[in-house]
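[1] give me coordinates for this.
(chains A, B and C)
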Amino acid sequence: MKVSKLVSFLNSKYPFKISSREPFKVLISTILSQRTRDENTEIASSNLFSKYTTPQAIADARLEDIESPIKPAGFYRVKARRIREISRIILRRFNGRVPSSFEELLTLPGVGRKTANCVLVFAYGKDALPVDTHVHRISNRLGLVSSRTPHQTEAKLKSVIPKRHWKPINAQLVQFGREICRPINPQCSICGLNALCQFRKKRLQIKQK
DNA sequence: AAAACGGGGGC
DNA sequence: GCCCCAGTTTT
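    Sure thing, here's the model as predicted:
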């Protein structure tokens, strides 16, 4: 699989558009998006930010008043607790601003590699490449990488894909993974990349037997 | 390494 | 009604 082929395919089929670059909104929206479909993330995020706009407001809110608006995102109890704690930590320890280093972001509850990288690239324009299950699975199927963990996939992708293409990759591959390159029952027959795909080739060989 | 967290949507 | 889902933390 040639990287240039993949990039041009993704750019033509999944034009990239980011809604907010405000660090606090990016961070909270990304927390809400964990294990949650995009439509439900949007609703939950919109509900929450129409009620509270600042870290201070969320830090002072009652837990149940945070839980209620974010219910559509699922995991709403744990997410509400983490969102309020994140707001309090940001106020107390980071002078009211979302930290802009990977290490500091990882100290926030509910923030792992993927979420921290989303904040770095979408809010601060840094050279980060968030890797989730879709990116991990698809990169291996296409033969871009051969790795066991998302962390290894991230390192390999960054060495193979030019920096200027890193930002849209995650969102594009997630969308591609949802409708075509699914975890199970992948729609290989209608996939625009099937001629170049190792996974597709192996599936066909297996079917032959 | 596996479990737990969860409402919403596909089937 | 059953199963899965833009992760992270805890056991």
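
[2] what about the longest helix anywhere in chain A, near DNA strand B?
    With secondary structure taken from DSSP state H, chain A has its longest helix at helix A:76-93. Yes - Helix A:76-93 is in contact with DNA strand B by C-beta under 7 Å from any atom of the strand, via A:76-79. Yep, even glycine has a C-beta here, placed from its N, CA and C like the rest.

[3] buried subset of those residues as a PyMOL selection?
    Selection of buried members from these for PyMOL, criterion 16 or more other C-beta atoms under 10 Å:
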select buried, chain A and resi 76+79
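
[4] need the residues of helix A:76-93 next to DNA strand B in TSV (columns: distance to A:Ile58 and pLDDT).
    Below are the residues of helix A:76-93 next to DNA strand B laid out as TSV (distance: C-beta to C-beta, whole Å; pLDDT from 0 to 100):
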residue	distance to A:Ile58	pLDDT
A:Tyr76	14	95
A:Arg77	15	94
A:Val78	15	94
A:Lys79	12	96
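
[5] can I get the residues of helix A:76-93 next to DNA strand B in JSON lines with distance to DNA strand C?
    Output for these, formatted as JSON lines (distance: C-beta to the nearest atom of the strand, whole Å):
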{"residue": "A:Tyr76", "distance to DNA strand C": "12"}
{"residue": "A:Arg77", "distance to DNA strand C": "11"}
{"residue": "A:Val78", "distance to DNA strand C": "7"}
{"residue": "A:Lys79", "distance to DNA strand C": "8"}
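
[6] and which of the residues of helix A:76-93 next to DNA strand B is nearest to A:Leu196?
    A:Lys79 (38.6 Å; C-beta to C-beta).

[7] around DNA strand C, pick out the residues from chain A.
    Close to DNA strand C, as judged by C-beta under 7 Å from any atom of the strand, chain A has residues A:33-38, A:41, A:74-75, A:78, A:108-116, A:132-134, A:171, A:174-175, A:177-178, A:183-184.

[8] could you redo the last one with a cut-off of 6 Å?
    A:33-38, A:41, A:75, A:109-115, A:132-134, A:171, A:174-175, A:178, A:183 (C-beta under 6 Å from any atom of the strand).

[9] which ChimeraX command selects the buried ones in those residues?
    Typed into ChimeraX, the next command selects the buried ones out of these (criterion: 16+ other C-beta under 10 Å):
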select /A:33,34,36,41,75,110,111,113,114,115,132,134,171,174,175
